[in-house]
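Novice: everything below, folded, please.
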Amino acid sequence: MNPAHEPDELLTIGEMSRRTGVAASALRYYEELGLVGSVRTAGNQRRYPRHMLRRVSLISVAKRLGMPLSDVKDAFGEVPMESTPSHADWQRASRRWKKKLEERRSAIERLENELTGCIGCGCLSLKACALLNPDDALAATGAGPRRLEVAAEDEEFAGDEQ
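Specialist: Numbers count the residues shown, from 1 in each chain. Here you go, the predicted model:
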C-alpha cells in the first residue's frame, strides 16, 4: 500500500468527486439518503473516509445499470460506514445485491417476452393481447401496467411454492 494513502485518510468532497467522477451535489445527496457517510471538520467541512470511494463507485455502477438507489441502500445495509468494511462485509452485501440483480433480470426477461409476444406478433388481436384493458376495467386495481405486474407477482408466488 502506498504510505501516502492510509486507510484512515480523510478526503475532501472535491477529492471524492475527482476520484469517483460523481458531482459534489450527488455526494451530498447520497449522504442525505444514508448511502455514504462523512465526518465534519472544526470548520464544518465534509471529509470522507477513504473507504467511501468503493461505495460511491458501486453506486455509480448501479445508477448506470438503472438500479434504484433504494436497492443499493438495501445491499449496503450491513456494510459499516464508520469503519473500513471487511471482506466478509462486502461478501454479504454482494449476496444481497446479487439477489436484487436476479430479480431485476427476471423482470426484464418477462417484459421482453411480453413485448415480443404482443408487439412482435403483429396480430393486434383484441382477444389475445395480454395487455388489453377494455373499458379501462383495470383502473380500479391501481396505476401502471397492471397485467404485467400481476403476471410478475403470480410468477414470484409460484416460485415461492416450489
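Novice: helices along this protein, start to end?
Specialist: Secondary structure of the chain (DSSP state H): helices at 13-20, 24-32, 52-64, 69-75, 87-118, 146-161.
Novice: with mean neighbour count added, can I get the ones you listed in CSV?
Specialist: (Each C-beta comes from the backbone N, C-alpha and C, glycine too.) Shown next, in CSV, are the helices of the chain (neighbours: other CB atoms under 10 Å):
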stretch, mean neighbour count
helix 13-20, 16
helix 24-32, 15
helix 52-64, 17
helix 69-75, 17
helix 87-118, 13
helix 146-161, 12
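Novice: can you redo the ones you listed as CSV with distance to residue 45 and mean pLDDT?
Specialist: Compiled in CSV, the helices of the chain are given as follows (distance: least, CB to CB, whole Å; pLDDT from 0 to 100):
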stretch, distance to residue 45, mean pLDDT
helix 13-20, 8, 95
helix 24-32, 12, 96
helix 52-64, 15, 92
helix 69-75, 25, 89
helix 87-118, 28, 83
helix 146-161, 46, 55
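Novice: adding distance to residue 139, write the ones you listed out as TSV.
Specialist: Compiled in TSV, those are given as follows (distance: least, CB to CB, whole Å):
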stretch	distance to residue 139
helix 13-20	44
helix 24-32	35
helix 52-64	33
helix 69-75	27
helix 87-118	20
helix 146-161	9
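Novice: residues making contact with stretch 49-57?
Specialist: Residues from elsewhere that reach stretch 49-57, judged by CB atoms under 8 Å, 6 or more residues apart in numbering: 5-11, 16, 19-20, 22, 27, 30, 35-39, 76, 79, 81, 83-85.
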